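J.: kindly generate the corresponding structure for this input.
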Amino acid sequence: MSWHCTGLSWPGEGPADGPVLGWRGNDVRRVSALAYGRELGFRAEGERHCVGARGNPCPLVAVVPVRSTGARCPECARLDRAHSVAADTLADDPRPYRVYLAWFGPGTVKVGITREARGGARLREQGAVVFSWLGRGPLMAARRTEELLRAALGVPDRIPYARKRAVRGGLPGMEERSAEVEGLYRRAVALEGAGWPKALERLPFEAVDHAGIFALTSAGAPVRAVSGLVGGGVVAGRLVAAAGPDLYLETPADGTVVLDTRLITGWQLAAADARAGVSVPLVAVGAGGVQDGLF
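T.: Residues are numbered from 1 along each chain as shown. All right, here's what the predicted structure looks like:
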């Protein structure tokens with residue numbers, strides 16, 4: 001049976017819960033837990049194909065660009081986005097939502113919303129080093145609060161992923177990390193009399209720090225990143241850290257290399273020698289080379 005990677009996720013809430021890789025083979029799905037210090041290696045085979053939309057396979061089995069983080073053809077990308085919260089097409093969604101403030105590195109904060117049932121998983125998936133909840137309530141109240149902070153405080157709701165990766169390279173201490181989020185929280189709650197939706201319940205400030213879960217403080221600063229796979233290309237090394245969709249692999253020839261796991265979805269992957277190193281295209285960290293996602 002051939003296996004296709006469905007991406008990296010962070011399902012656990014505890015301090016010892018790390019990332020897992022999802023796999024699909026025909027109608028079978030499984031996950032493999034990733035542990036820091038362990039070696040891993042895989043080889044891409046054939047071509048990269050569209051992963052489909054909303055859990056359904058792509059009807060065209062379309063070939064997609066190797067450097068795209070979406071791994072979807074235009075039609076499947078349209079269908080997938082049409083059912084997303086970001087598309088503002090779910091105004092009548094009855095589920096409760098939460099507004100959060102997230103910090104990715106010095107001077108890089110954003111506001112966002114996520115379904116309450118997802119807990120902090122969305123923040124780990126984005127690579128947020130620190131976050132705090134701001135409020136909870138219906139979707140449209142959460143959306144209006146997000147817009148209020150964007151307009152009144154100039155807080156973005158999207159940050160290019162390349163920026164997130166760049167600023168997490170040298171993190172300050174825990175107190176300094178949480179201080180910037182707390183400062184934004186205090187500015188945000190000061191708006192309660194200036195357009196804050198009545199349906200949104202304010203939540204107390206509580207900084208959640210992911211630096212330990214991500215193992216960023218013990219990983220060396222990466223200098224190269226995978227820009228895309230190629231058929232027959234190998235990515236292998238010792239896992240030393242992870243953040244958002246990124247895996248940090250220590251390799252014998254290239255030092256610490258970052259792999260955005262969104263680049264491996266849509267490929268058929270086979271096991272490879274974990275000491276084989278990297279034989280796919282690399283770019284300098286911060287040099288771009290990947291079609292970024294904004295989230």
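J.: C-alpha only now, for contacts and for neighbours.
T.: Fine.
J.: low-confidence regions, the chain specifically.
T.: Applying pLDDT under 70 to the chain picks out residues 1-2, 14-16, 83-91, 220, 286-295.
J.: which residue sits farthest out from the middle of it?
T.: In the chain, counting by Cα atoms, centre = their mean, residue 193 sits farthest out from the average C-alpha position, at 33.6 Å.
J.: helix, strand, or coil at it?
T.: Put simply, residue 193 is coil when judged by DSSP: H, G, I helix; E, B strand; the rest coil.
J.: for it, give its distance to residue 97.
T.: Residue 193 sits at a distance of 21 Å from residue 97 (criterion: Cα to Cα, to the nearest Å).
J.: please apply the same query to residue 138.
T.: Counting by Cα to Cα, the gap from residue 138 to residue 97 is 6 Å.
J.: now residue 114
T.: As judged by Cα to Cα, residue 114 and residue 97 stand 6 Å apart.
J.: between those two, which one's more packed in?
T.: The neighbour comparison of residue 114 against residue 97 (other Cα atoms under 10 Å) goes to residue 97, with 24 against 20.
J.: contacting residues around that one?
T.: Neighbouring residues of residue 97 by Cα atoms under 8 Å, 6 or more residues apart in numbering: 113, 114, 115, 116, 136, 137, 138, 139, 142.
J.: beta-bridge partners for residue 226, please?
T.: Residue 226 has these beta-bridge partners by DSSP bridges: residue 282.
J.: just to revisit the earlier point, now secondary structure and distance to residue 149 too, for the contacts of residue 97, in CSV please.
T.: Shown next, in CSV, are the contacts of residue 97 (DSSP: H, G, I helix; E, B strand; the rest coil; distance: Cα to Cα, whole Å):
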residue, secondary structure, distance to residue 149
113, strand, 12
114, strand, 16
115, strand, 19
116, helix, 20
136, strand, 15
137, strand, 16
138, coil, 17
139, helix, 16
142, helix, 11
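J.: just the buried members of the residues you listed?
T.: For the contacts of residue 97, a burial check counting by 16 or more other Cα atoms under 10 Å picks out 113, 114, 115, 136, 137, 138, 139, 142.
J.: isn't the fourth one right next to residue 197, touching?
T.: Translated: residue 136. No - using Cα atoms under 8 Å as the test, residue 136 is too far from residue 197 to be in contact (10.7 Å).
J.: any idea how far residue 269 is from the nearest residue to residue 273 once chain neighbours are set aside?
T.: Among residues not flanking residue 273 along the chain, residue 41 sits closest, at 5.7 Å (Cα to Cα, 6 or more residues apart in numbering). Counting by Cα to Cα, the gap from residue 41 to residue 269 is 10 Å.
J.: for the residue nearest to residue 273, grab the count of nearby residues.
T.: Residue 41, neighbours per other Cα under 10 Å, totals 20.
J.: confirm for me that it is in contact with residue 249.
T.: No - using Cα under 8 Å, residue 41 is not in contact with residue 249; the gap is 10.0 Å.
J.: what is in contact with these two at once?
T.: Residues touching both residue 41 and residue 249 comprise 236, 237, with contact defined as Cα under 8 Å, 6+ apart.
J.: thinking again about what came up before, okay if I get the contacts of residue 97 as a markdown table plus distance to residue 65?
T.: A markdown table is the format used below for the contacts of residue 97 (distance: Cα to Cα, whole Å):
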| residue | distance to residue 65 |
| --- | --- |
| 113 | 30 |
| 114 | 29 |
| 115 | 31 |
| 116 | 34 |
| 136 | 38 |
| 137 | 39 |
| 138 | 38 |
| 139 | 34 |
| 142 | 35 |
